[in-house]
Every structure is written in C-alpha cells, then in structure tokens.
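Undergrad: Sequence plus the predicted model coming up.
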Amino acid sequence: MGEFRTKDGRCIVAEDGLRIRVGERSPLGTLRDALTDEEIPPVRRAGGALFGLAVVVGVVLAVRTLPVWLSGAGVGLLLAWLVWSRLHGGQPEKEISIQYDAVESVEPEYGLPLLTRPRFVIRYRSEGGVKRRYVLCPSRLYGFGAYERGKELFAEQGLWQEPEATNDE
C-alpha cells in the first residue's frame, strides 16, 4: 500500500495490516533521510540544510567565545554521550505488526507547535484488552509531509475518517 517516515523508523500500511519499524536510525540519520528524500521540494531541503549548517556554526562560535571550563564541560559531556551510545548499542531494530481487524481507531494528533511532534494514536485489541501505540512523526523542522502522508494512508485503508465540514450558517 504505502509507508511514511516516523521519528526513528517507518510505518508501513500494507494489505494485511500495519507494520511499525522502530529503531532504524538515529536522529541524524532521520535528518539525512529528510534531506535526501525526493518527495521533498529542493527549496525545503536546501532550507533544512542551511538551518543545520547555522546550528553547527552557532555551536562552534559558542565554544570559541565561552569560558574554557564551560566549553570543555560541554565538549566532555558530548563525548561521554557519544561513547555511551556506542557502547550501549542504541535501540535494537524491531518491527511491530498490528492486523487491521484488531484496530479499533486511529486518531491523528497534530500536537502543540514547537513543543510536541505530530503523532498517531493507534488503539488496538491485544491480550484481552485495548492497547495504545503512539506513532511519532518526524519533527516539523524536517518531517516535511510525513504526518499528511500518514493521514492519507490511514484514510485510504478506512482506519480514519476525515471530519465532515459543518455549515453552521
């Protein structure tokens, strides 16, 4: 059927059910995918790349102008985080499968701008109860169209209905 990017993987809306791949990539890998995705207009990809470059230049300037002890502490924390993430191994890649007959509802939530990511709340029956799975979309800064693509795919499959426009005249 189709798929869309999530925060750290992909959500595949297939013929037989939903497959959610988790732990495929790091935040930098997600950003790299956003900058190389052919569905994203070149102007937006260039804007994303320039924003990333501005962040790197800002960090370099901050390191050069801050006191030595503060810059050293920041660099030390960054190196400790990198070593820890390499030794820890990150999240193992896994895939969650949900059959369509078990899905009770899919609710898209746009989230609060600049505070939370757009996401889908999938309610499904499992193990004698109803579980919730949150599918987080990429950040609005580099998630160009992932949320809208997810809404389209869920609507095509009949899992989500577009709210009817009411004419209260």
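TA: Okay, I see it. Residues are numbered from 1 along each chain as shown.
Undergrad: In the helix or strand hosting residue 148, which of the residues would be classed as buried?
TA: Using DSSP states H and E, residue 148 maps to helix 146-156. For helix 146-156, the neighbour count (16 or more other C-beta atoms under 10 Å) marks 146, 147, 149, 150, 151, 152, 153, 154 as buried. No exception for glycine: its C-beta is placed from N, CA and C like everyone else's.
Undergrad: Mean confidence (pLDDT) on it, please.
TA: Averaging pLDDT along helix 146-156 yields 89.
Undergrad: For that helix, enumerate the helices and strands it packs against.
TA: Identification of packing neighbours for helix 146-156 by 3 or more C-beta pairs under 8 Å, 6 or more residues apart in numbering; DSSP states H and E yields strand 2-5, strand 10-13, strand 103-109.
Undergrad: Show me where this protein dips below the pLDDT cut-off.
TA: Across the chain, residues meeting the criterion (pLDDT under 70) sit at 24-31, 34, 88-93, 141-143, 161-169.
Undergrad: show me where it has strands.
TA: Ranges of strands within the chain are 2-5, 10-13, 17-22, 94-99, 103-109, 119-126, 129-136, based on DSSP state E.
Undergrad: Can you tell me which of the ones you listed is nearest to residue 67?
TA: Judged by C-beta to C-beta, the one of those that comes nearest to residue 67 is strand 129-136, at 37.2 Å.
Undergrad: Take the buried residues of helix 146-156 and lay them out in a markdown table including distance to residue 94.
TA: Shown next, in a markdown table, are the buried residues of helix 146-156 (distance: C-beta to C-beta, whole Å):
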| residue | distance to residue 94 |
| --- | --- |
| 146 | 20 |
| 147 | 23 |
| 149 | 22 |
| 150 | 20 |
| 151 | 25 |
| 152 | 26 |
| 153 | 21 |
| 154 | 22 |
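Undergrad: Thanks a lot, catch you later.
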